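1. give me a 3D structure for the following:
(one chain, ligands or ions: 1)
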Amino acid sequence: MSDEHGPRIKILKDGPYAVSGDVPLMKTTIVPGPDGAPVEWAEGAPIPTQPRYTLCRCGRSGSKPFCDGSHIDAGFDGTETASREPYLDQAVLLEGPGLNVTDVRGLCAEARFCVAYDTVWRGVEHTDDPEVTERVTRQACLCPAGRYVAWDKGTGQPYELEFESSIGLVEDPQLGVSGGLWVRGAVSVESSDGFVYEVANRVTLCRCGESKNKPLCDGSHCDSGFVDGL
Ligand code: FES
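-> Okay, the predicted model is just below:
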């Protein structure tokens, strides 16, 4: 059954994420490379869902990743404080000889693809080397939060991987924690007060309840040691 509004996440006040539009859900695991820094994603099998389902946002559900109402007893405060400005209005431009990259630090979810081999910031300065250009582009495209976007200098178009609309439950075995919800492929996200956030190909939403930048994941799950137990 499809939803007339398409893939959509409605954030409920101090409550869960209400997902509609038959959005596939699966585990997405960060895979480290030889030097330990993340270099790719491993995608798990789809988790059975109904066309509409609710995902835990407070981190306390006994039925993770789904909501079981625990946010009520916990008195969860899900107040959304993330910026509502469009991505490009917040972005810093990093210009390189072969590639431009934009960076919005406030989107960081601590997935660390940007530090594999060398940082995106340093790498972009050396994009007169096609190998470095390819690596930096890949680093930007794999950032789940969409913090980094790589841009073709000739066409001015962004490089983006094509994602089916889907939600990944981030696992970070290197740190021994579970991360946020990796929302991919232009799923609409609406705040609890009815604001529709800029639709993006990649965004990470907090599911541990600890982010200081809700609804976005800000990496707080690393410090709190959030584990979903799945
Ligand atoms: S899941 Fe990352 S801060 Fe909550």
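2. what's the residue nearest to residue 39 when sequence neighbours are not counted in contact with, if anything?
-> Nearest residue to residue 39, sequence neighbours excluded (C-beta to C-beta, 6 or more residues apart in numbering): residue 33, at 3.6 Å. Placement of C-beta: from N, CA and C, glycine included. Contacts for residue 33 were tallied using C-beta atoms under 8 Å, 6 or more residues apart in numbering; they are 39, 40, 116, 117.
3. for the first one, give me phi and psi.
-> Looking back up the chat, that one is residue 39. With angles defined as degrees, to the nearest 10, residue 39 sits at phi -130, psi -20.
4. before we move on, what about the one 3 residues further on?
-> With angles defined as degrees, to the nearest 10, residue 42 sits at phi -110, psi 130.
5. was I right to think it contacts residue 32?
-> No - assessed by C-beta atoms under 8 Å, residue 42 is found out of contact with residue 32, at 10.9 Å.
6. compare those two (neighbour count), which wins?
-> Each of residue 42 and residue 32 has its neighbours counted (other C-beta atoms under 10 Å); residue 32 has more, 15 against 11.
7. which ones are touching the more buried one?
-> 38, 39, 174.
8. any of those residues buried? List them.
-> Buried members of those, scored by 16 or more other C-beta atoms under 10 Å, are 38, 39.
9. near the ligand, which residues of the protein?
-> Counting by C-beta under 6 Å from any ligand atom, the residues of the chain close to the ligand are 109, 179-180, 206-208, 210-211, 217-221.
10. can you select the buried ones from these in ChimeraX?
-> Per 16+ other C-beta under 10 Å, the buried members of these correspond to this ChimeraX selection:
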select :109,179,180,206,207,208,210,211,217,218,219,220,221
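11. let's see which of the residues of the chain next to the ligand end up in strands.
-> 179, 180 (DSSP state E).
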